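Visitor: the sequence and its predicted three-dimensional model are supplied below.
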Amino acid sequence: QKEVEQNSGPLSVPEGAIASLNCTYSDRGSQSFFWYRQYSGKSPELIMFIYSNGDKEDGRFTAQLNKASQYVSLLIRDSQPSDSATYLCAVFEETSGSRLTFGEGTQLTVNP
Amino acid sequence: NAGVTQTPKFQVLKTGQSMTLQCAQDMNHNSMYWYRQDPGMGLRLIYYSASEGTTDKGEVPNGYNVSRLNKREFSLRLESAAPSQTSVYFCASRTGTNYGYTFGSGTRLTVV
């Protein structure tokens, strides 16, 4: 079983819709969760992080965390064509080095 | 403030050649990381350095060596390049406030 799994893509939504990206993780001890956006040919950039159960909102982005279900999601409201990218879920391992484990990513396309 | 700087951006090597990928950060971060990214495989950790003077293997260390030269610099060396090492390599350092990574712009390496 992969440590961090994301819903398989690609995901295509119309402009203005809500895009929902999902991620599950296997390490129950994980405490910190991150969403990165990666445009084609570019490096990943951090867009959201969440530590506590519940929702965290930042503009059009909402991260949701359910530690009991080992589930984290990212909602993008009012999706724009500029949101078209690959979204990477990452989970923080509380071991030496404090390293992130990444999912394979979900490619999102927002159609005008 | 440059963040994380990687050099070179592109490189083509012949099988058996060696090279060093350079990474430097100016954010006074303790931890630095080297990842490779391949289609369908996501980001995989090669080596990391939790602090100056320490290095540890990640998920895919075979064929690579690293040096944490000082707090700013963390280099990745391929002693005898193989076609399987064709990939995009990302260096990252750890931010202190939210534990996320800041990534460099990447090195696209092709081994022929």
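Guide: Yes, it's here.
Visitor: where does the residue minimising distance to the centre of chain B fall, secondary structure wise?
Guide: In chain B, the centroid-proximal residue (Cα atoms, centre = their mean) is residue B:34; its distance is 3.0 Å. Assigned by DSSP states H and E, residue B:34 falls within strand B:32-38.
Visitor: list the strands paired with that strand, with their directions.
Guide: With DSSP bridges as the test, strand B:32-38 is paired with strand B:42-49 (antiparallel), strand B:87-94 (antiparallel).
Visitor: what's the most buried one of the ones you listed?
Guide: strand B:87-94 (a mean of 24; mean count of other Cβ atoms under 10 Å in any protein chain shown). In short, each C-beta sits where N, CA and C put it, glycine included.
Visitor: counting by contacts, list what the host helix or strand of residue B:76 packs against.
Guide: If you go by DSSP H and E, residue B:76 is part of strand B:74-78. Applying 3 or more Cβ pairs under 8 Å, 6 or more residues apart in numbering or on different chains; DSSP states H and E, one finds that strand B:74-78 contacts strand B:19-25, strand B:32-38, strand B:42-49, strand B:64-68, strand B:87-94.
Visitor: enumerate the positions of the second one that are buried.
Guide: Yep, that's strand B:32-38 we're talking about. Buried residues in strand B:32-38, counting neighbours by 16 or more other Cβ atoms under 10 Å in any protein chain shown, are found at B:32-37.
Visitor: go through these and say which is closest to residue B:111.
Guide: residue B:36 (12.2 Å; Cβ to Cβ).
Visitor: spell out which parts of chain A neighbour chain B.
Guide: Taking Cβ under 8 Å from any Cβ of the partner chain as the contact definition, chain A meets chain B at A:32, A:34, A:42-46, A:49, A:88, A:92, A:96-105.
Visitor: ok, of those residues, which come out buried?
Guide: Buried, going by 16+ other Cβ under 10 Å: A:32, A:34, A:43-44, A:46, A:49, A:88, A:92, A:97-105, out of the residues of chain A next to chain B.
Visitor: could the helices and strands packed on strand B:74-78 go into a markdown table alongside mean pLDDT?
Guide: What follows is the helices and strands packed on strand B:74-78, written out as a markdown table (pLDDT from 0 to 100):
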| stretch | mean pLDDT |
| --- | --- |
| strand B:19-25 | 97 |
| strand B:32-38 | 95 |
| strand B:42-49 | 92 |
| strand B:64-68 | 97 |
| strand B:87-94 | 96 |
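Visitor: any chance of those in a markdown table, plus distance to residue A:84?
Guide: Shown next, in a markdown table, are those (distance: least, Cβ to Cβ, whole Å):
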| stretch | distance to residue A:84 |
| --- | --- |
| strand B:19-25 | 29 |
| strand B:32-38 | 19 |
| strand B:42-49 | 19 |
| strand B:64-68 | 33 |
| strand B:87-94 | 19 |
